[in-house]
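>>> build the 3D model from these lines:
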Amino acid sequence: MSQHKVVLLLGSNIGDKKNNIEIALEKVSSIGSILKYSEYLTSEAVNFVSSNNFCNIATIIFTHFSPIQLLNYIKKIEIEMGRINDSTVSGVYTDRIIDIDIVKYDDLKFTSERLEIPHKKHLFEREFSKILLKDFI
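This is a model prediction of the structure:
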């Protein structure tokens, strides 16, 4: 089984945001080894109005999971932590206890209804993402 290098972005804008991210990272570490973290970055909500700023972090992990297995596991983490609305399903962005996005998976280019790798919005459109990912991509 080969290891895959994956870049993830995590964000939270409800409750103890840093703690939410730390809990999510601990859960992610059960399916791969975490190589590197960025610093935390605070940002305003993107694509919706909220009075709650986000706390964000980028990380690199190594995992044996395929992209879809990883996505399924990430969605499970989000639900376990209390995330109710998934913008990929509802089409609407809302406040969330945790959000985990797969930004890059090796050098794979992959598109499905549920997943796009690389995650073009984070790589090219969102300023906070560009700052967090500058040393990761």
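
>>> quick one: the strands in this structure?
4-12, 32-37, 41-43, 54-63, 99-105, 110-111, 116-117 (DSSP state E).

>>> what sits closest to residue 133 if chain neighbours are left out?
residue 58 (5.6 Å; C-beta to C-beta, 6 or more residues apart in numbering). Backbone N, C-alpha and C define where each C-beta goes, glycine included.

>>> which one of the strands of the chain lies closest to residue 132?
Within those, the stretch nearest residue 132 is strand 54-63; the backing value is 4.1 Å (C-beta to C-beta).

>>> any idea of the mean pLDDT in the closest one?
Taken as a whole, strand 54-63 carries a mean pLDDT of 96.

>>> off-centre distance for that strand?
6 Å (C-alpha atoms, centre = their mean, to the nearest Å).

>>> now it and strand 32-37, what's the angle there?
130 degrees (axes from the mean of the first three to the mean of the last three C-alpha atoms, to 10 degrees).

>>> for strand 54-63, name the packing helices and strands.
Packing partners of strand 54-63 (3 or more C-beta pairs under 8 Å, 6 or more residues apart in numbering; DSSP states H and E): strand 4-12, helix 17-28, strand 32-37, strand 41-43, helix 127-133.

>>> just the CA atoms of it, as CSV, please.
Taking C-alpha atoms only, strand 54-63 is exported to CSV below (Å, rounded to 0.1, in the frame of the first residue of the first chain):
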residue,chain,number,x,y,z
PHE,A,54,-13.1,31.7,11.0
CYS,A,55,-10.0,30.1,12.5
ASN,A,56,-8.1,28.2,9.8
ILE,A,57,-5.1,26.0,9.5
ALA,A,58,-3.4,24.0,6.7
THR,A,59,-1.8,20.6,7.2
ILE,A,60,0.0,18.0,5.2
ILE,A,61,-0.7,14.4,5.9
PHE,A,62,0.4,11.0,4.5
THR,A,63,-2.3,8.5,4.2
